[in-house]
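1. here is a sequence together with a model predicted from it:
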Amino acid sequence: MQAIRLQKTIEKNGEISFQNLPVVAGQKVEVIVLLSILPAKKKVLTARELLDSSLIGLWEERDDITDSLTYARQLREQSQKRGHDSPRY
């Protein structure tokens, strides 16, 4: 089976059209539509908003965290490795 990959921007709701494909009348084709998911815009906090948030001092009363810098580093390392262990399809 031969694959042809095309990307289009939808111009009219519910409609996609393609022209000039290397196919002939009577040839059977299979069409799979993959929707792109737009990433959500991340809100960037100002310094004042960060200071006013509950993030500052978040671990202050935790007895199990003796070194918050080391703990934060470990969390970052774990989150970076998270996607590498799962299978990709």
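-> Structure received. Because the structure is a prediction, the values reported are computed rather than measured.
2. make it CA atoms for all contacts and neighbour counts henceforth
-> Fine.
3. so how far is Phe18 from Glu11?
-> Look at Glu11 and Phe18: by C-alpha to C-alpha, to the nearest Å, they are 12 Å apart.
4. please read the previous query as pertaining to Ser79.
-> The value you get for Ser79 to Phe18, if C-alpha to C-alpha is used, is 41 Å.
5. pLDDT below threshold where in the protein?
-> 83-89 (pLDDT under 70).
6. grab the longest helix from it for me.
-> helix 68-85 (DSSP state H).
7. starting at the chain centroid, how far to that one?
-> Offset of helix 68-85 from its chain centre (C-alpha atoms, centre = their mean, to the nearest Å): 18 Å.
8. check which helix or strand Leu34 maps to.
-> Using DSSP states H and E, Leu34 falls within no helix or strand.
9. what about it, how many neighbours?
-> 7 (other C-alpha atoms under 10 Å).
10. then Ile4?
-> So Ile4, with other C-alpha under 10 Å, has 7 neighbours.
11. from Pro22, how far off is it?
-> According to C-alpha to C-alpha, Ile4 and Pro22 sit 9 Å apart.
12. got any residues that touch both of those two?
-> Common neighbours of Ile4 and Pro22 are not found (criterion: C-alpha atoms under 8 Å, 6 or more residues apart in numbering).
13. in this protein, which residue is most central in space?
-> With distances taken as C-alpha atoms, centre = their mean, the residue of the chain nearest its centroid is Pro39 (6.3 Å).
14. next, that one: secondary structure please.
-> Judged by DSSP: H, G, I helix; E, B strand; the rest coil, the three-state class of Pro39 is coil.
15. just want the phi and psi numbers for it.
-> Main-chain dihedrals, Pro39, degrees, to the nearest 10: phi -70, psi 140.
16. same question for the one 5 residues further on.
-> Note on Val44: its backbone torsions stand at phi -100, psi 120 [degrees, to the nearest 10].
17. next, count neighbours for it.
-> 8.
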